[in-house]
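the following block contains a protein sequence and its predicted model.
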Amino acid sequence: MHATSHHARIHMASTTANPPADKPASSGKFKRIALIAVIALGAAAAAAAGMYVFMGRQGATHASAEPAPLAAPVFFPLDPLTVNLQSDDGVQHYLRVGLSLKLTDPKAQEQLTARMPEIRSRVLLALSNKHPEDIATPDGKQALAQQLRNLIEEPTQPGNQRTKVDDVLFTEFVVQ
């Protein structure tokens, strides 16, 4: 029996010796998991901060590359024009037209005003080459507005830049 109790003591000794050994192993696992979690959280925070900084800088660069939001458009009225139209029927036809230019570039009105005599001449020549049938339909009027826009935007001197006109609007349109 003595041998059995010795064996029981060993067993007891080993069972009492094992729990303290288990605690440090369990404590080491916990520390390792906690360390990994802290590193992962730190990496996530660094990634988030990096994204914020990168997106902020990219947004600032992107914003500076684009022009500032445009102000409300300016409508620049031109003096009304009256022209003779081309006629195949032997009857004299006239066109009286009022135009207003829609502009969003603040400098465009100054540029157009400086070139107004040349612009009016271009518009008069283009209008006087039209037949009444050409401008009788909505599609014909729309095509005329686009043609006039191109003529008005076109530089009057070589080397000058185009002046941006967003739209040509008819404020008066009478064919007789």
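Received it, and whenever you're ready, just let me know what you need. Numbering: from 1, shown residues only.

show me where this protein has strands.
With strands called from DSSP state E, the chain shows them at 74-77, 81-85, 93-103, 167-175.

adding mean pLDDT, distance to residue 120 and mean neighbour count, write these out as CSV.
For the C-beta atoms, the positions are set from N, CA and C on the backbone; glycine is no exception. Output for the strands of the chain, formatted as CSV (pLDDT from 0 to 100; distance: least, C-beta to C-beta, whole Å; neighbours: other C-beta atoms under 10 Å):
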stretch, mean pLDDT, distance to residue 120, mean neighbour count
strand 74-77, 94, 13, 14
strand 81-85, 95, 7, 15
strand 93-103, 95, 10, 18
strand 167-175, 95, 13, 14
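
got a markdown table for these, with distance to residue 127 too?
A markdown table is the format used below for these (distance: least, C-beta to C-beta, whole Å):
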| stretch | distance to residue 127 |
| --- | --- |
| strand 74-77 | 17 |
| strand 81-85 | 5 |
| strand 93-103 | 6 |
| strand 167-175 | 11 |
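
closest one to residue 113 among those?
strand 74-77 (8.2 Å; C-beta to C-beta).

what does that closest one rub up against?
Where contact means C-beta atoms under 8 Å, 6 or more residues apart in numbering, the residues beyond strand 74-77 that reach it are 98-104, 106, 108-109, 112, 169, 171.
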